[in-house]
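Visitor: Quick one, what's the 3D model for this:
(2 chains)
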Protein chains: 2
Amino acid sequence: MNVGVAGLGLIGGSLALALKARHRVTGFDTDPTTRDAALAAGLDVVGALEALLPADAVIVATPMEAVVPTLEALAPRAGGAVLLDVASVRAPVEAFAATAPVGCRIVGLHPMAGRSGSGFAAASAELLELRPFLVVPTARADTAAMAVAGALARDAGGEVTVCSAAQHDRIVAVLSALPLAFASALALTGAETVDGNLAAFSGPGFSDSTRLALTSPDLGGRMLLANGQNVRAALDRARAILDEVDRAIAAGDASALDAILERAAHVRRGLR
Amino acid sequence: MNVGVAGLGLIGGSLALALKARHRVTGFDTDPTTRDAALAAGLDVVGALEALLPADAVIVATPMEAVVPTLEALAPRAGGAVLLDVASVRAPVEAFAATAPVGCRIVGLHPMAGRSGSGFAAASAELLELRPFLVVPTARADTAAMAVAGALARDAGGEVTVCSAAQHDRIVAVLSALPLAFASALALTGAETVDGNLAAFSGPGFSDSTRLALTSPDLGGRMLLANGQNVRAALDRARAILDEVDRAIAAGDASALDAILERAAHVRRGLR
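Guide: The predicted structure is shown next:
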């Protein structure tokens, strides 16, 4: 397929690098330095968003706030191109798609992947290998467009999971936004307790537990705010479990504590 | 030095393997299979705790509930041997040391290290490399005994941090017990939300954030209960930060959220 990628940061860059083995990939980024880096890495790059068209598919991988404006710019001239986007909150795209020109084809394609670095410099095809790609239909999706999304997800090395926008946002609130909030609270509690000397006391467990606090505050803030209702529900539920832990400690109830920890260990053993 | 290690699990086994390059190390474990595995890995092994003596130092690395009984058994016959122990909650050892025979030498030596596996099979010298070793005096510590603890920590590849028992327990509540409670709450909230299919949705961020939920419930429960007061204070503080996050989301206050996330990212950037 002819595939355009708009936005060549960590995720867009990784998608472009992963897909170019099997597709004719063209990339665009508003930042000239990023365009140069992508060119140097062997990608075809164009100097304007519109030059990604015509194409079989365009993947919008801009920062979250630019996703809907970019879809808006592409939609009127997309022809039959399937417009995909990696936005980690689906509600705004869902709302846009519902009012987009009839004939548009819009599908969410959200890889559950990340690392501490950001930008094209941190991008790599390996980032996406075996990661869940959440494929999310919109009011402007058809079966063939869903199939294009699934094929590109697999060709990028991912594993396809289809879900509705509402389900996506509820799940991502728990699997991405909540861990970010927890990592941030842990990091701040650690810093308050140890007073400037955290690295002299902390081991790999604390480092892993707080890694998501390295998420850029800009992206993190959007993940929390744009999906606020789901995130608040997730916080509520998680705090209820912490309350259970607290009550078990206060009561010296080893078996209640053991039950919680055993259930959690069982869940975690099911993940990589 | 002649160094005995009582308990050849993940931490004791790793200490024995790391120290044998520079010291004459002898190990003991109550489990014959573990003793055989340690022998096969090239360690000198004895069949009884008391046979670790005489020695310059004995490191007690048993499960937490056996640490004080093991110190009790060793203390009357220790001669000048420095008794070290890796207990991750210091208060019980502190209490024991205060009433131990005069002339005993007891120092805490707690490496902030771990991994998902357990037992001698998961032990390795690398586990301890560049990890903080918290060296904690007791009422039965002297300068020379503290120096022995520091030398063994460094010879095992670690970096020495000295702190009081009270400081240790307050810090470990935040850096070990709190992340365990958070990881468990995250794993359980994830499982409730996704309903049996968590691996199809979750990426590396969720995996890292919940890794500590793999802690054995037995060890985890003890870390939470034996240090209950400090753990409850840590939970309180962390929940207050989560409340702040929740209020900022409810108010749609992007700049309050950004301030929290930016502070947390700054703290985390100071860690490996």
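Visitor: Hmm, A:Val93 is touching A:Thr138, no?
Guide: Yes: if you go by C-beta atoms under 8 Å, A:Val93 and A:Thr138 touch, sitting 6.5 Å apart. Any C-beta I mention is one placed from the backbone N, CA and C, and that applies to glycine too.
Visitor: which residues are in contact with both of those two?
Guide: A:Ile106, A:Gly108, A:Ala165 (C-beta atoms under 8 Å, 6 or more residues apart in numbering or on different chains).
Visitor: Can you tell me which of the residues you listed end up in strands?
Guide: In strands, defined here by DSSP state E, the members of the shared contacts of A:Val93 and A:Thr138 are A:Ile106, A:Gly108.
Visitor: out of the shared contacts of A:Val93 and A:Thr138, who has the most neighbours?
Guide: Within the shared contacts of A:Val93 and A:Thr138, A:Gly108 tops the neighbour count with 28 neighbours, counted by other C-beta atoms under 10 Å in any protein chain shown.
Visitor: Who are the contact partners of it?
Guide: A:Gly108 neighbours (C-beta under 8 Å, 6+ apart): A:84-87, A:90, A:93, A:134-138, A:149, A:165, A:168.
Visitor: Next, the closest residue to chain B within the stretch 1-150 of chain A: phi, psi?
Guide: Going by C-beta to the nearest C-beta, chain B is nearest to A:Met112 of the stretch 1-150 of chain A, at 3.3 Å. Per-residue torsions, A:Met112: phi -80, psi 80 (degrees, to the nearest 10).
Visitor: Quick check: closest non-adjacent residue to it.
Guide: Among residues not flanking A:Met112 along the chain, B:Gly203 sits closest, at 3.3 Å (C-beta to C-beta, 6 or more residues apart in numbering or on different chains).
Visitor: what's the neighbour count on the residue of the stretch 1-150 of chain A closest to chain B?
Guide: 24.
Visitor: before we move on, what about A:Pro101?
Guide: Number of residues near A:Pro101 (other C-beta under 10 Å) recorded here: 9.
Visitor: center of chain A - which residue?
Guide: The residue lying closest to the centre of chain A (C-alpha atoms, centre = their mean) is A:Ser88, at 4.6 Å.
Visitor: Report the contact partners of that residue.
Guide: Taking C-beta under 8 Å, 6+ apart, one finds A:Met64, A:His110, A:Val172, A:Ser176, A:Met223 in contact with A:Ser88.
Visitor: And A:Leu225, by the same measure?
Guide: Neighbouring residues of A:Leu225 by C-beta under 8 Å, 6+ apart: B:Ile249, B:Gly252, B:Ala254, B:Leu257.
Visitor: which of these are close to chain A?
Guide: Restricting these to those near chain A by C-beta under 8 Å from any C-beta of the partner chain leaves B:Ile249, B:Gly252, B:Ala254, B:Leu257.
Visitor: If we ignore the residues flanking it in sequence, what's nearest the third one?
Guide: In this case it means B:Ala254. In space, and not counting its chain neighbours, B:Ala254 is closest to A:Gly221: 5.6 Å by C-beta to C-beta, 6+ apart.
Visitor: from what I can see that neighbour touches B:Leu261, true?
Guide: Yes: at 6.0 Å, A:Gly221 and B:Leu261 qualify as touching, with contact defined as C-beta under 8 Å.
Visitor: neighbour-wise, which of those two wins?
Guide: Legend: neighbour count by other C-beta under 10 Å for A:Gly221 and B:Leu261, higher for B:Leu261 (28 against 25).
Visitor: excluding its backbone neighbours, what's nearest that one?
Guide: With C-beta to C-beta, 6+ apart, the residue lying closest to B:Leu261 is A:Pro217, at 3.8 Å.
Visitor: same question, A:Val46
Guide: Spatially, and ignoring its direct neighbours in sequence, A:Val46 is nearest to A:Phe28 (5.2 Å; C-beta to C-beta, 6+ apart).
Visitor: burial of the one you found, as a residue count?
Guide: Neighbour number of A:Phe28 under other C-beta under 10 Å is 26.
Visitor: Check A:Leu10 too.
Guide: Residues near A:Leu10, counting by other C-beta under 10 Å: 24.
Visitor: Flag every residue of the stretch 51-200 of chain A that's near chain B.
Guide: Within the stretch 51-200 of chain A, the residues that sit near chain B (C-beta under 8 Å from any C-beta) are A:111-115, A:131-132, A:134, A:159, A:161, A:163, A:170-171, A:174-176, A:178-194, A:198-200.
Visitor: List the beta-bridge partners for the nearest residue to A:Ala51 once chain neighbours are set aside.
Guide: Closest residue to A:Ala51 apart from its sequence neighbours, by C-beta to C-beta, 6+ apart: A:Phe28 at 7.0 Å. A:Phe28 has these beta-bridge partners by DSSP bridges: A:Ala6.
Visitor: and the gap between A:Phe28 and B:Glu50?
Guide: Distance of A:Phe28 to B:Glu50, computed by C-beta to C-beta, to the nearest Å: 74 Å.
Visitor: which residues in the stretch 1-150 of chain A form strands?
Guide: Listed in chain order, the strands of the stretch 1-150 of chain A (DSSP state E, counting those that start in this stretch) span A:2-6, A:24-28, A:44-45, A:57-60, A:82-85, A:105-111, A:132-137.
Visitor: got TSV for these, with distance to B:Ala122 too?
Guide: Output for the strands of the stretch 1-150 of chain A, formatted as TSV (distance: least, C-beta to C-beta, whole Å):
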stretch	distance to B:Ala122
strand A:2-6	42
strand A:24-28	43
strand A:44-45	47
strand A:57-60	41
strand A:82-85	42
strand A:105-111	32
strand A:132-137	28
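Visitor: Output these in JSON lines, with mean pLDDT appended to each entry.
Guide: Shown next, in JSON lines, are those (pLDDT from 0 to 100):
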{"stretch": "strand A:2-6", "mean pLDDT": "98"}
{"stretch": "strand A:24-28", "mean pLDDT": "98"}
{"stretch": "strand A:44-45", "mean pLDDT": "98"}
{"stretch": "strand A:57-60", "mean pLDDT": "98"}
{"stretch": "strand A:82-85", "mean pLDDT": "98"}
{"stretch": "strand A:105-111", "mean pLDDT": "98"}
{"stretch": "strand A:132-137", "mean pLDDT": "98"}
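Visitor: That's all I had, so thanks and see you.
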